[in-house]
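Visitor: predicted coordinates and the sequence they were generated for:
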Amino acid sequence: MKIAFLGPHASFTQLACSQIFPNNELFPQSSIIDCFNAVLNGDVDKAVVPLENSIEGTVSMTLDYLYDFENICIEAEVVMPIAHHLMIHPNNENFETVISHPQALAQTFHFRHDHYKNIETRDFSSTAAAAKLVAENPHEKWAAIANSYAAKLYGLKIINSNIQDFEQNHTKFIVISKNKSLLELDYPKTSEKTSLLITLPEDHAGGLHQVLSVFAWRQMNLSKIESRTLKTGLGNYFFFMNIANEWHPVLSKNALEELKSIGATVKFLGHYNEYLLES
Ligand SMILES: O=C(O)C(=O)C[C@]1(C(=O)O)C=C[C@@H](O)C=C1
């Protein structure tokens, strides 16, 4: 199987991807949208992309593309511990700018505020891409925030370890594909869930309540609801929802039909399992 991931090598996404798909061909992509396009165009069978972090919250680009790309579904969810390190080129100890992925910069904000208050930051496409950039530019006054494998691979020196603002730091990655088959992985199964994207019927009092009651009276257990802007104007949202129950075909079919009958649009993203990975 061919698997795309947010690269380059030694990104956190690659660490997750290599654990899920140890014996498959992995194809690094330079952005999350490239991962979605690679799946959509049939260049790869699946892709692994980050969806949510326990400190910084949702990776909003991934949520947007789940909404925008019609035929993409979620096959599995994997959760991995995340440890960030500050690293420099071994021949250049001076740095004035820290480069990393915006999620990594956000997850280390208080550390940087407390220890390197006047150091600038620069967003980059991934933590590993930032480490590679620092390694390839020894004369620039740059440091990167990335994982220890990236430091090793790109020959950088770690000057501060475990700099995430909360010790418990986990990122949830999803496996996306074009078909809806369930993925059987050899990892401990912790739960089953279903993800839906819902837009409400036209704006009226109680619209969201009406949608939520479709699940409530069927005792379908909503474990997450997140609103995200539709980008059609202020106040217009779609909702990402997770249902924690096992998938009950009849109950769920009825619920989806009722949602449609009240004017909500529903995109079924998948019914899948959640797995825990090592760091
Ligand atoms: O930059 C990376 O290494 C990634 O794999 C991306 C990403 C993310 O977007 O959340 C993955 C895990 C960490 O939370 C930080 C960055």
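Guide: Nice, thanks for sending it over. Since the structure is predicted, the reported quantities are computational estimates derived from the model, not experimental observations.

Visitor: rest of the way, CA atoms for contacts and neighbours
Guide: Will do.

Visitor: any idea how the protein splits into domains?
Guide: Domain assignment for the chain by automatic domain parsing gives 2-82+169-177, 85-160, 190-272.

Visitor: any weak-confidence spans in this protein?
Guide: Counting by pLDDT under 70, the chain shows low-confidence ranges at 179-191, 246-247.

Visitor: flag every residue of it that's near the ligand.
Guide: The chain has residues 6, 11-13, 50, 53, 101, 103-104, 126-128, 171 near the ligand, with proximity defined as CA under 6 Å from any ligand atom.

Visitor: from the residues you listed, which land in helices?
Guide: Among those, the ones falling in helices (DSSP state H) are 12-13, 103-104, 127-128.

Visitor: parallel or antiparallel, list what pairs with the helix or strand that contains Ile3.
Guide: When elements are assigned from DSSP states H and E, Ile3 belongs to strand 2-6. Partners of strand 2-6 in the sheet, by DSSP bridges, are strand 25-29 (parallel), strand 46-53 (parallel).

Visitor: now the residue of the stretch 101-250 of the chain found nearest the ligand: phi and psi?
Guide: The stretch 101-250 of the chain approaches the ligand most closely through Ser126 (3.2 Å), counting by CA to the nearest ligand atom. As for Ser126, its main-chain torsions (degrees, to the nearest 10) stand at phi -160, psi 170.

Visitor: how many other residues sit next to it?
Guide: By the criterion of other CA atoms under 10 Å, Ser126 has 27 neighbours.

Visitor: buried set for stretch 53-62?
Guide: Neighbour-count burial for stretch 53-62, counted by 16 or more other CA atoms under 10 Å, picks out 53, 55-56, 58-59, 62.

Visitor: Thr127 contacts His101, doesn't it?
Guide: Yes. Counting by CA atoms under 8 Å, Thr127 does reach His101; the two are 5.1 Å apart.

Visitor: out of the two, which sits in the more crowded spot?
Guide: Thr127 (29 against 21).

Visitor: OK, contacts around that one?
Guide: Shown in contact with Thr127 (CA atoms under 8 Å, 6 or more residues apart in numbering): 11-12, 99-101, 104, 144-147.
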